[in-house]
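Undergrad: predicted structure and sequence below. I'll ask about it afterward.
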Amino acid sequence: MVDSRGMAGDGSERRDVVEALTETSDHLDFALAMVRRIVGDQERLGQLTARIREIESRLRDDRYYLAVIGEFSAGKSTFINALLGEDLLPTSALPTTGAATRITHGAELAVEVRFAGDGIRYVYPSGRHPGAASPLGRMLTRLAPDISVPEDTTGVLRVLTADETIAPHVRSLEVRHPAPALRDGLVIIDTPGTNARAGHTEITRAVMRDVADAAAVLAAAGSPSPVSLAEFLTDALDPGQLRRCIVLVTKMDHIDPDEREDLLAHVRRRFARILGTTDPVVEPVAAEPVVRRAAGRPLRGPEQAHWAEEFPHTLARLRDLMRRHRIVAVSDRLLRLLEDLLDELRHEVTLAEQRLDAEELELAGARITDLAGFVRGRHGESARLLGAGAQRAQQAVGGMAPQWWRYTRAEIDRALDRADTPDELRAVLAEQAPELIRRGLPRIGDIVQQAVTGALETAAETARVAADDAFTAAYRKLGAVAESPDAAPVTVVSGHQLADAALRAYQSSATGVTGRISAVRLDPTAPKTPGARLGGALDQWFGGTRDSEPRPIPGRIGFGGLIAKMTDSPSSTDMTALRNHARADMHRTLRTVADGLSRQIDEAVRTATTHYSQDVARHVDGYRARYEATVAELVAEHRRREDFLAARRSLLQDADRQTERRRTTVNNRRERLTRRGEFGR
C-alpha cells in the first residue's frame, strides 16, 4: 500500500501559504477592478469576471491536481494503478479513451460519466439496479446493443475506458476511489495517450491550462525520449506549463543497474531542451512491482522488490514537488489572467477605435457634402413642378371668363330684346342683368377653386414627395429616420367671392344708370346729360380709378337724353335705338366685368402658386433644419464616444503599467519557487 505522508496538513494552512507567496487575492482584486472600470460590454464583463471567480475558486480548492501524460504503452495506467494500490485501470487496452479521466477520493469505488450529445450525468453504482438494468447500463446498451454490461464497478470502468465501441462516446469521466494516496487531496487526471488520436493535444492543453498544478510525464525506459512525445509537449504546453512537468522514467526494473545513471543523464539532457530548463526533475520509477504486491501476486526477483520499496519515497518526492508546483501554477494562472485581461482590454479598445474610425468615415460619407446646394436643388425642382402646375391650372381656367362673357351677353341680349318700354328696359338692367351675372359666377368660382387647387396641390404633393424621398435617402445613410414636416392648407378663391365682387361693381354702375333713367321720366324739364354711358362706372372694377364724371361719346345721343325723349310714348324706332344703346353699353360693361374676372382668376392662380411654393419651401427648409440637427446630434454623440474612449485608453495605460509591475513581482516569485530546494526559505 502506498504511503500518503508528505502532503498531509490542514487545507487552510496550504491556502495561507499560497496566498502569502503569491498575494493572489490582491492581484485578483486589482484584475476585477480593472475589468469593471474598462470593459463596457456587459456580456464580456460577465465572461471576464467569471474567469476571475474561477481562479478564486481554484485558490480555495486545497487539493493537488496531477496530470499524467504519456504515450500509449509508456505505463500510464500501471503508474496510476500503483498510486491507487489496486489493479484498476486496464493496462493493455487500445488507446480508445478520448476524454481525460479524473480520479478523486471517495468512500467507495464509483464512477460518474457523461456522454457526448447527452446532458445526463450517470453514476454507478446507482444503488438500485446493477449492470444492464441500471440507467448507465441502459445507456451502454443503447450505444452498443451487443455489449455485455458487467455488474461490478471495476468492470464498468474498464468498459468506459477500453471498449472501442463505448470509450469514444465518453465526454467526461470521474472515478471516486478510497485509496489512501488520494485521502489528503491528491487528484489524478489521466489524459489521453499523446500518440492515440487527433484532438488529444487540445484536451491535454485544457487540463494543464485550467486544472493541473503539475504534470507527471511518463517516458518508458526502453524509449525514454521519443520525438513524438517531445513534439506533443511543445505543441500542447506553454513554457510555464513545461516547467511544471515532472519526468518519470518508467519500467526501470527492466534496466540493468549499471545503465541507470547513464540513462537518467541522457533523459535529463533531452528533457532540458524540451522543457526549456537547465535542471529538469527526472525521477526513475517502476510501477508494476507496486501493483503486483498490492494485488497479492509474487514479485519477479529482488529487482522488483527494490522498486516496490522505492515507490513510496518517489511518491513523497513527487508530493513535495507538487506542493511547490501548486504555488507556481497559481502564479502562472495569475500571470495568464493578467496578460489575457490586458490583451482582451487592448483588443476591446482597438475594436472601439476601429468602430469609431469606421463610423466617422461612414458619417463623413453619409452626410450631404453640400447641403446648401442640395437644398437649392430641391427648391429648384419644386419651383419647376409648381410652375408646370400653374400652367396646367391656367390652361384649365384661362378660358372661363370669355365663356362667361359670351354666355351672359347672349342672355342679357335676349332680355333686352324682350323689353318694349323704358320701364321694362330699366327692369332688365336693374333686376334681370344682376341675376344673370349671379347665376354663373359662383359656379365659375367653384370651378376655379377646384381646378387651381387640384393642379397646384398635385404639383405641390409631387414636390413634397420628391423632397421626402431625397431626404429619406439622406437620413437612411445616417442611420436615422426622417420625419416629414406638416403641410399647411392653401385656399384659393371661392365662387361666392368672385360673384360678390362682380355684382357689387355691376350694381354700383347699373344703379347710376337706372337712376338717371328714372329722373328723366319723373322730371321732363331736367337738363339732359349728353353721352351718358351705361357701363361707364364699370371701367375700373378691378383695381383702377373710376372717373368722377362720365365723358360724352361724340356722334350719338346720351343714354339719359334718349330715355327723356321717349318718356311718353316712344315709337318703335326710338325704342329700338334706346335698346341698341343699352345693349352697346351693356356689352362694354360685361366686357369690363369679364376682363376683371379674368384678372381675378389670374390673380387667384398666382396667389395659389405663391402659397403652394411657400408651403413646399417651408417643407424643404423644415427638412433641412431637422437634418442639420440630426447631423449635429450624431457628431456630438461621436465626440462623446471619442472622449469616453480616450478615458478608457488612459485607464488601460494605467492598468498596463500596474499590471507590468505585478507581472514582474509574480514572475520573480514564480521563478524562485521553480528552482529546486527554494520552497519554504
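TA: Perfect, thanks for sending it. Residues are numbered from 1 along each chain as shown.

Undergrad: packing partners of the helix or strand harbouring Glu231?
TA: Taking DSSP states H and E as the criterion, Glu231 maps to helix 227-236. Secondary-structure packing of helix 227-236 (3 or more Cβ pairs under 8 Å, 6 or more residues apart in numbering; DSSP states H and E): helix 200-210, strand 214-220, helix 260-275. Every C-beta, even on glycine, is put in place using the N, C-alpha and C of the backbone.

Undergrad: and the first one with helix 227-236, angle?
TA: Between helix 200-210 and helix 227-236, the angle comes out at 50 degrees (axes from the mean of the first three to the mean of the last three Cα atoms, to 10 degrees).

Undergrad: off-centre distance for helix 200-210?
TA: Centroid separation for helix 200-210 versus its chain: 35 Å, with Cα atoms, centre = their mean, to the nearest Å.

Undergrad: residues in contact with that helix?
TA: 54, 67, 69, 98-100, 189, 191-194, 215, 232, 235-237, 241, 244, 336 (Cβ atoms under 8 Å, 6 or more residues apart in numbering).

Undergrad: over to the longest one?
TA: Applying Cβ under 8 Å, 6+ apart, the contact partners of helix 260-275 are 217, 219, 221, 224-225, 230, 233-234, 242-243, 245, 247, 249, 252, 255, 278-280, 282, 284.

Undergrad: returning to what we had before: PyMOL command for the buried members of the contacts of helix 200-210?
TA: Remark: buried members of the contacts of helix 200-210, expressed as a PyMOL selection using 16 or more other Cβ atoms under 10 Å:
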select buried, resi 67+69+98+99+100+189+191+192+193+194+215+232+236+237+241+244+336
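
Undergrad: among the contacts of helix 200-210, which lie within helices?
TA: Cross-referencing the contacts of helix 200-210 against helices under DSSP state H gives Glu54, Phe232, Asp235, Ala236, Gln241, Arg336.

Undergrad: quick one: Asp420 and Gln614, what's the gap?
TA: 56 Å (Cβ to Cβ, to the nearest Å).

Undergrad: what does Leu361 give?
TA: In terms of Cβ to Cβ, Leu361 sits 39 Å off from Gln614.

Undergrad: between the ones in helices among the contacts of helix 200-210, which is nearest Leu315?
TA: Of all the ones in helices among the contacts of helix 200-210, Gln241 has the smallest distance to Leu315: 22.1 Å, by Cβ to Cβ.

Undergrad: excluding its backbone neighbours, what's nearest the closest one?
TA: Among residues not flanking Gln241 along the chain, Met208 sits closest, at 4.6 Å (Cβ to Cβ, 6 or more residues apart in numbering).

Undergrad: could you count how many residues lie near the one you found?
TA: 28 (other Cβ atoms under 10 Å).

Undergrad: same question, Gln614
TA: 12.

Undergrad: and it, what does it touch?
TA: Per Cβ under 8 Å, 6+ apart, neighbours of Gln614: none.

Undergrad: equivalent analysis for Gly222, please.
TA: Lys251, His254 are the contacts of Gly222 under Cβ under 8 Å, 6+ apart.

Undergrad: now Ala107, nearest residue through space, not along the chain?
TA: Ala107 sits nearest to Pro178 (Cβ to Cβ, 6+ apart), 6.1 Å away.

Undergrad: phi first, then psi, for the one you found.
TA: phi -80, psi 20 (degrees, to the nearest 10).

Undergrad: that one and Lys76, how far apart?
TA: 21 Å.

Undergrad: neighbour count for those two, which is higher?
TA: Neighbour totals were compared for Pro178 and Lys76, and Lys76 leads with 26 against 15 (other Cβ under 10 Å).

Undergrad: give the closest residue to the more buried one in space, chain neighbours not counted.
TA: Spatial nearest neighbour of Lys76, excluding adjacent residues (Cβ to Cβ, 6+ apart): Gly70 at 4.7 Å.

Undergrad: same question, Leu318
TA: Ile246 (6.5 Å).

Undergrad: and that neighbour, how far is that from Ala480?
TA: Counting by Cβ to Cβ, the gap from Ile246 to Ala480 is 64 Å.

Undergrad: neighbour count: the two, which is higher?
TA: Per other Cβ under 10 Å, whichever of Ile246 and Ala480 has more neighbours is Ile246, with 20 against 17.

Undergrad: determine which two of the ones in helices among the contacts of helix 200-210 are furthest apart.
TA: The span of the ones in helices among the contacts of helix 200-210, defined through Cβ to Cβ, is set by Glu54 and Phe232 at 26.1 Å.

Undergrad: which sections of the stretch 551-681 of the chain are below the confidence cut-off?
TA: The model of the stretch 551-681 of the chain has pLDDT under 70 over residues 551-572, 669-681.

Undergrad: pLDDT-wise, which helix or strand of the protein ranks last?
TA: helix 559-565 (a mean of 40; mean pLDDT, DSSP states H and E).

Undergrad: can you give me the strands in the stretch 1-150 of the chain?
TA: Counting by DSSP state E, counting those that start in this stretch, the stretch 1-150 of the chain has strands at residues 64-70, 101-105, 110-115, 122-124.

Undergrad: quick check: which of these is buried the most?
TA: Stretch with highest mean neighbour count among the strands of the stretch 1-150 of the chain: strand 64-70 (a mean of 25; mean count of other Cβ atoms under 10 Å).

Undergrad: now for it, which elements pack on it?
TA: Judged by 3+ Cβ pairs under 8 Å, 6+ apart, strand 64-70 is in contact with helix 76-84, strand 186-190, helix 200-210, strand 214-220, helix 301-366.

Undergrad: who wins for proximity to Ala655 among the ones you listed?
TA: Checking the helices and strands packed on strand 64-70 against Ala655 by Cβ to Cβ gives helix 301-366 as the closest, at 7.0 Å.

Undergrad: okay, buried residues for the very next helix or strand once past the closest one please.
TA: Counting by DSSP H and E, the element after helix 301-366 in chain order, helix or strand, is helix 371-397. Neighbour-count burial for helix 371-397, counted by 16+ other Cβ under 10 Å, picks out 374-375, 378-379, 381-382, 385-386, 389-390, 392-394, 396-397.

Undergrad: so what does the helix or strand just after helix 371-397 touch, helix or strand wise?
TA: Next in sequence after helix 371-397, counting helices and strands by DSSP H and E, comes helix 400-417. On a contact count with 3+ Cβ pairs under 8 Å, 6+ apart, helix 400-417 meets helix 433-478, helix 572-674.

Undergrad: show the contacting residues for the residue nearest the centre of the chain.
TA: In the chain, the residue lying closest to the centroid (Cα atoms, centre = their mean) is Gly479, at 11.7 Å. Counting by Cβ under 8 Å, 6+ apart, Gly479 makes contact with Ala366.

Undergrad: against Arg273, how distant is the closest residue to Leu218 other than its chain neighbours?
TA: The spatially closest residue to Leu218, leaving aside those adjacent along the chain, is Gly70, at 3.3 Å (Cβ to Cβ, 6+ apart). When distance is defined by Cβ to Cβ, Gly70 is 19 Å away from Arg273.

Undergrad: Ala463 now?
TA: 83 Å.

Undergrad: now Val428
TA: Note on Val428: its distance to Arg273, by Cβ to Cβ, is 132 Å.
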